[in-house]
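> Curious how this folds, go ahead:
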Amino acid sequence: MRLTRVYRFSASHRLHSDQLTEEENRDLYGKCNNPWGHGHDYRIHISVRGTPDGATGRVLSPGALDRWVRERLISVYDHRDLNQDVPDLRGVPTTETLATDAERRLRTGWPFPDAELDRIRIQETPRNVFELRTR
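Presented below is the predicted three-dimensional model:
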């Protein structure tokens, strides 16, 4: 059984690699290479899987997962400049990098022995969705 909860956060970033020329950055990242950055209202879907508990009928308490995600992710990313305010994203904070960072943050100290982190899906725009399967 899989439980998926959806969360929102707003953040800004600039996609720019110091390993590329200015022209290469503009060609690769387009308007996302704006020198002043730009923002997104992200939706992040966190999925866990496991066997429903015999007594509760649940894989995991949704409230417990909510608290964990707020502590580990939302409090770190929401209303932040991902380039400047989140040290682990100071390279090029693509949504792919964000998903990988989210997985690491959620796994560190994972408090749910009977549920496994299964997927992280981040919707950056109506047309851009990134999904990381964690197993």
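> What are the boundaries of the strands in this protein?
For the chain, applying DSSP state E gives strands covering 2-13, 38-49, 80-81, 116-123, 129-133.
> for the fourth one, the distance to its chain's centre please.
Spelled out, that is strand 116-123. 8 Å (Cα atoms, centre = their mean, to the nearest Å).
> thinking again about what came up before, redo the strands of the chain as a markdown table? Include mean pLDDT and distance to residue 107.
For every residue, glycine as well, the C-beta is placed using N, CA and C. Output for those, formatted as a markdown table (pLDDT from 0 to 100; distance: least, Cβ to Cβ, whole Å):
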| stretch | mean pLDDT | distance to residue 107 |
| --- | --- | --- |
| strand 2-13 | 98 | 16 |
| strand 38-49 | 97 | 12 |
| strand 80-81 | 96 | 21 |
| strand 116-123 | 98 | 6 |
| strand 129-133 | 97 | 12 |
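> JSON lines please, covering these and showing distance to residue 32 and mean neighbour count.
Below are these laid out as JSON lines (distance: least, Cβ to Cβ, whole Å; neighbours: other Cβ atoms under 10 Å):
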{"stretch": "strand 2-13", "distance to residue 32": "8", "mean neighbour count": "16"}
{"stretch": "strand 38-49", "distance to residue 32": "7", "mean neighbour count": "17"}
{"stretch": "strand 80-81", "distance to residue 32": "14", "mean neighbour count": "16"}
{"stretch": "strand 116-123", "distance to residue 32": "15", "mean neighbour count": "19"}
{"stretch": "strand 129-133", "distance to residue 32": "14", "mean neighbour count": "14"}
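> now those strands as a markdown table including distance to residue 19?
Below are those laid out as a markdown table (distance: least, Cβ to Cβ, whole Å):
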| stretch | distance to residue 19 |
| --- | --- |
| strand 2-13 | 17 |
| strand 38-49 | 21 |
| strand 80-81 | 21 |
| strand 116-123 | 24 |
| strand 129-133 | 22 |
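> Return the per-residue confidence for the residue in the chain sticking out farthest from the centre.
Within the chain, the residue lying farthest from the chain centre (Cα atoms, centre = their mean) is residue 55, at 31.8 Å. Residue 55 is assigned 95 on the pLDDT scale.
> Done for today, thanks.
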